[in-house]
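Undergrad: Output the structure for:
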Amino acid sequence: MSDADEAELRRLRWRCRRGMRELDQLLGRYLDREWRQSPAAERGVFLRLLETEDDRLWHWFMGHETADDVDIQNLVERIRALPP
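TA: Numbers count the residues shown, from 1 in each chain. Okay, the predicted model is just below:
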């Protein structure tokens, strides 16, 4: 992995820190396991997901609500399905 890729990964890891342990773990798990091999379109969806408010993320990841954006909802479900 190039230095630029490593720097981007560090920036993303910082953005994944949400202050809620559960969200931190879910987003970090995706970043660690899936980000490097994800297609560009999915990476774009993940970046949009990171722009979302924490309380809304919490409701989506806990299954209390669904995202209006189908791509984001599909990614939320995929992240939720990752084994711990």
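Undergrad: Quick one: the helices in this structure, in order.
TA: With DSSP state H as the criterion, the chain has helices at 3-16, 21-33, 40-50, 54-61, 70-81.
Undergrad: The fourth one to helix 70-81, inter-axis angle?
TA: If I follow you right, that is helix 54-61. Here helix 54-61 runs at an angle of 70 degrees relative to helix 70-81 (axes from the mean of the first three to the mean of the last three CA atoms, to 10 degrees).
Undergrad: now the angle between helix 21-33 and helix 54-61, please.
TA: Orientation of helix 54-61 against helix 21-33 (the same axes, to 10 degrees) gives an angle of 70 degrees.
Undergrad: got a pLDDT number for Asp32?
TA: We have a pLDDT of 95 for Asp32.
Undergrad: Ok, Asp5 next?
TA: The predicted local confidence for Asp5 is 86.
Undergrad: That one and Arg11: what is the separation?
TA: 11 Å (CB to CB, to the nearest Å). Just so you know, the C-beta spots here come from the backbone N, C-alpha and C atoms, and that holds for glycine as well.
Undergrad: which residues does Ser38 contact?
TA: Residues counted as contacts of Ser38 (CB atoms under 8 Å, 6 or more residues apart in numbering) are Phe46.
Undergrad: ok, it to Arg78 distance?
TA: Here the criterion is CB to CB. By it, Ser38 lies 10 Å from Arg78.
Undergrad: what do you get for Leu31?
TA: Distance, Leu31 to Arg78, by CB to CB: 13 Å.
Undergrad: Neighbour count: the two, which is higher?
TA: Leu31 (19 against 13; other CB atoms under 10 Å).
Undergrad: give the contact list for the more buried one.
TA: Residues counted as contacts of Leu31 (CB under 8 Å, 6+ apart) are 9, 12-13, 16.
Undergrad: again, 10 Å this time
TA: By CB atoms under 10 Å, 6 or more residues apart in numbering, the residues touching Leu31 are 9, 12-13, 15-16, 38, 46, 50, 79.
Undergrad: between those, which is nearest Met1?
TA: The closest of the contacts of Leu31 to Met1 turns out to be Leu9 (CB to CB; 7.7 Å).
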